[in-house]
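Colleague: build me a model:
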Amino acid sequence: MNLTNADSGQLQQWQSELTSRYQDIKAKGLNLDLTRGKPSSEQLQLSDALDGILGSEYTSPSGVDVRNYGGLDGLLEARKLGSQFLDMPAENIIAGGNSSLTLMHQTMAIAHQFGLNGSDSAWNKSADVSFICPVPGYDRHYGVCQHLGIKMITVPMDANGPDMDAVESLVAQDKSIRGMWCVPKYSNPTGVIYSDDVVKRIAQLGKTAHPDFRVFWDNAYAIHDLVEQPKTLANIYEACVAAGTEDSVLQFASTSKVTFAGSGVAFVGASANNLKGIKQSLGFITIGPDKVNQLRHVKFFAEPESLTKHMQKHAGIIKPRFECVLKQLDKAFGDNDLGSWESPEGGYFISFDTRPGLAKEVVRLAGEAGVKLTPAGATFPYGNDPEDCNIRIAPTVPTVEQVEQAMDVFVVCVQLASINQQLSA
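Modeller: Numbering: from 1, shown residues only. Take a look at the predicted model:
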């Protein structure tokens, strides 16, 4: 379906046919949801053995009674598990509760209100505080900034990660900038893996940025590979050590999409200076994390290679859903300019760009036809996609058959919206 070379008669014929198909779809009363990147029930069942795994044995291998208060850093064994996610020493890691988003919010709030390196380092000492946000990106990151009143400045993403020329220029010139959001592997929503050069340049930012600048390195999909030989993400911790900028990066990860999404273990990895600043405030927030749940996870992944094998099972469930989406997109749009998309090798999302000005209309049409999509604009700060073109597809929760149904609807909505736009031009 090439709209550019079609005359008005052909366009009107296609419009009529697609309108009829769309009305038929609406009559089916579908109720399908592709809005959030949640694990499916099949994936959650992979971790059912967590229930009862302790068998009334509540002492950790290092001798801690996990039922009691204390241990702000989390169990040593849980921190060692975290090192498999963050690829950094366990002594640089705090193992917390069930949510890395909570840790990110707490850490940013601490940096903003109290400072990570003494009270003089608190961001709110400055009249203006800004954060760099590569786009398209993760809506909940933007929500944290908005909640704390931190201004967001966008930079574009490409196949290698954030536009580092733009990032470096901003950091050097704008001293209101106190940090940058990063999802470095299978970036949400594009699926991009940051190149080695981008990782190295991010590690170098601490040399020219404001002294209190911090990269929030949310490696949420570090082990969520869908291919047998995944590309390797360069080690940001080692790059910072080499550059002498260890204080400039804070790493986050969790088991939220690995075991039980609401009952996982979250991790923050950082330099000794940053950990000291974080723990000074955490000590007023909590007496310690849920060490019982941490020990459950330690025992669940006690065997060598158990985490790798577990994630291979996840991939076996997720991959057919991704393949279904990509097959439908290629079939409908592979030979025309109605849309463009990424073909990620891991993570939880597929990013699709319509023609400019159509994302909201496609989401509206799909919603009225019974397919819920993430709101258009959600992948940009303040919900404002200047091109109104990006749509995030999250195919993990529905069955493969439901994903296929949903994509049939999605394709029709993109085609119909595009033809309507072309006819009104």
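Colleague: just the buried positions in stretch 168-183, please.
Modeller: The neighbour-count check on stretch 168-183 (16 or more other Cβ atoms under 10 Å) flags E168, L170, V171, S176, I177, R178, G179, M180, W181, C182, V183 as buried. For every residue, glycine as well, the C-beta is placed using N, CA and C.
Colleague: what lies in contact with stretch 42-54?
Modeller: Where contact means Cβ atoms under 8 Å, 6 or more residues apart in numbering, the residues beyond stretch 42-54 that reach it are 257-261, 263, 292, 295-297, 299-300, 310, 313-314, 317-318, 396.
Colleague: can you give me the pLDDT of M1?
Modeller: Listed pLDDT for M1 reads 80.
Colleague: nope, T4 is what I was after
Modeller: 83.
Colleague: which element follows the helix or strand that contains S20 toward the C-terminus?
Modeller: Element membership for S20 (DSSP states H and E) is helix 8-27. Following helix 8-27 in sequence order, the next helix or strand is strand 32-34 (DSSP H and E).
Colleague: what's the average pLDDT for the helix or strand following that next one?
Modeller: Helices and strands here follow DSSP H and E; after strand 32-34, the next one along the chain is helix 41-45. Averaging pLDDT along helix 41-45 yields 97.
Colleague: with stretch 393-402 instead?
Modeller: Confidence for stretch 393-402, expressed as mean pLDDT, is 97.
Colleague: before we move on, the earlier item: just the buried members of the contacts of stretch 42-54?
Modeller: When those are checked against 16+ other Cβ under 10 Å, the ones flagged as buried are 257-261, 263, 295-297, 299-300, 310, 314, 317-318, 396.
Colleague: where is the longest helix in the chain?
Modeller: Among the segments of the chain that qualify as a helix by DSSP state H, the longest is helix 306-333.
Colleague: hang on, the earlier thing: contacts for the helix holding S20?
Modeller: 1, 3, 6, 365, 368-370, 408-409, 412-413, 415-416, 419-420, 422-423.
Colleague: among the contacts of stretch 42-54, which are located in helices?
Modeller: V292, L295, R296, H297, K299, F300, H310, K313, H314, I317, I318.
Colleague: show me what counts as buried in the longest helix of the chain.
Modeller: For helix 306-333, a neighbour-count test (16+ other Cβ under 10 Å) marks 307, 310-311, 314-315, 317-318, 321-322, 324-326, 328-329, 332-333 as buried.
Colleague: surely C240 touches L250?
Modeller: No - counting by Cβ atoms under 8 Å, C240 does not reach L250; the two are 10.6 Å apart.
Colleague: which pLDDT does the model give the residue nearest to H224 when sequence neighbours are not counted?
Modeller: Leaving aside its chain neighbours, H224 sits nearest to G346 (5.0 Å; criterion: Cβ to Cβ, 6 or more residues apart in numbering). Here the pLDDT value assigned to G346 is 98.
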